[in-house]
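1. Pasting the sequence and the predicted model now:
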Amino acid sequence: PESKGLDYYRHMVDELGLTDIKLLFPDHTLDNPPDDREARRLAHALWETFDHWLLHDSRKVRVVLFQDAIRNVMMASVRTHDRGGGVMLGCAVLSDGRVRISDDYMAPADWFAAQEDHSLHRTAFSAWLHQPAVRQALDASFEIPTGCRSCPHANACRGGEIPHRHSNERGFDNPSAHCTSLKIFYDHVARRLQSGM
C-alpha cells in the first residue's frame, strides 16, 4: 500500500534536523474507526519507518513510539495483565489559567468536551485530578482492556493509546481503534528483536 510515512520522517530528520519525534496516530475512536485500507496503510508506514530508523537513526534520533515498542516487547514476558502500565495522561494549562486534559485526548470529542471546567485561579489542582474524566483516563492507563487480554502483544501494546480506545458504550475498556495497525507493527517489532534486529 502507498504510504508517505517514511518520506515525512526523512523530511523531519534529514532536512529539518529533528532529533526528538513523537508520532501521532490519526484521531479515531471505536465510534469512528479507520477502514481496513487506512489501517493497513498506517501499519505499512509504521514498520517501514521503524526499519529505516532502526538501521540509520536509532542512536541519534529519539522516536518515542519506536523506543517504547522495543522496550515493551522486551519487557512483555515479565509483565502481567494487572495494573502496571503507568500513567499516560497530561494536562494543558491554557493562557487564561484553565486546566484541561491534554489535546492528545481530543479524539473522543464528546468525552473530552464534557470534562469539568477548572482553573488554577479558582480551584486546587487536586480537584482537577479527581474529576470523573481524569479518573477514567487515569484508571484506563493502568489497565489492559478486557478484549486485549488474549492478544499475544497484550503486555507490550496494552491496548494502544488511551484516547483511541474510547467508545460511547464501553468507555476506555476496548482495544484501540488502531488495533489492526498495532498488531501488524508489534508483530514486526517482535520479529526484528527475535532476529537480532
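-> Received, thanks. Numbers count the residues shown, from 1 in each chain.
2. which SS class is the residue nearest to Pro145 when sequence neighbours are not counted?
-> Of all residues not flanking Pro145 in the chain, Gly159 sits nearest, at 4.3 Å (C-beta to C-beta, 6 or more residues apart in numbering). For glycine as for every other residue, the C-beta is placed from the backbone atoms N, C-alpha and C. The three-state label given to Gly159 by DSSP: H, G, I helix; E, B strand; the rest coil is coil.
3. per-residue confidence for the residue lying farthest from the centre of the chain?
-> Among the C-alpha atoms of the chain, the one most distant from their mean position (C-alpha atoms, centre = their mean) is that of Arg122, at 31.9 Å. Here the pLDDT value assigned to Arg122 is 88.
4. what do you get for the one 4 residues further on?
-> The predicted structure scores Ser126 at 88 on the pLDDT scale.
5. Next up, phi/psi of it, please.
-> phi -60, psi -30 (degrees, to the nearest 10).
6. Just give me the neighbour total for it.
-> Ser126 is flanked by 7 other residues according to other C-beta atoms under 10 Å.
7. how much space is there between it and Val134?
-> Separation of Ser126 from Val134 (C-beta to C-beta, to the nearest Å) stands at 11 Å.
8. right, and the residue nearest to Pro145 touches Ile144 too?
-> Yes. Counting by C-beta atoms under 8 Å, Gly159 does reach Ile144; the two are 5.5 Å apart.
9. who has more neighbours, these two?
-> Between Gly159 and Ile144, counting by other C-beta under 10 Å, Gly159 is the more crowded of the two (27 against 23).
10. Spell out for me which residue occupies the centre of this structure.
-> Glu161 (3.0 Å).
11. Show the model's pLDDT score for it.
-> What the model reports as pLDDT for Glu161 is 94.
12. thought it was touching Asn174?
-> No. Taking contacts as C-beta under 8 Å, Glu161 lies outside contact range of Asn174: 12.0 Å.
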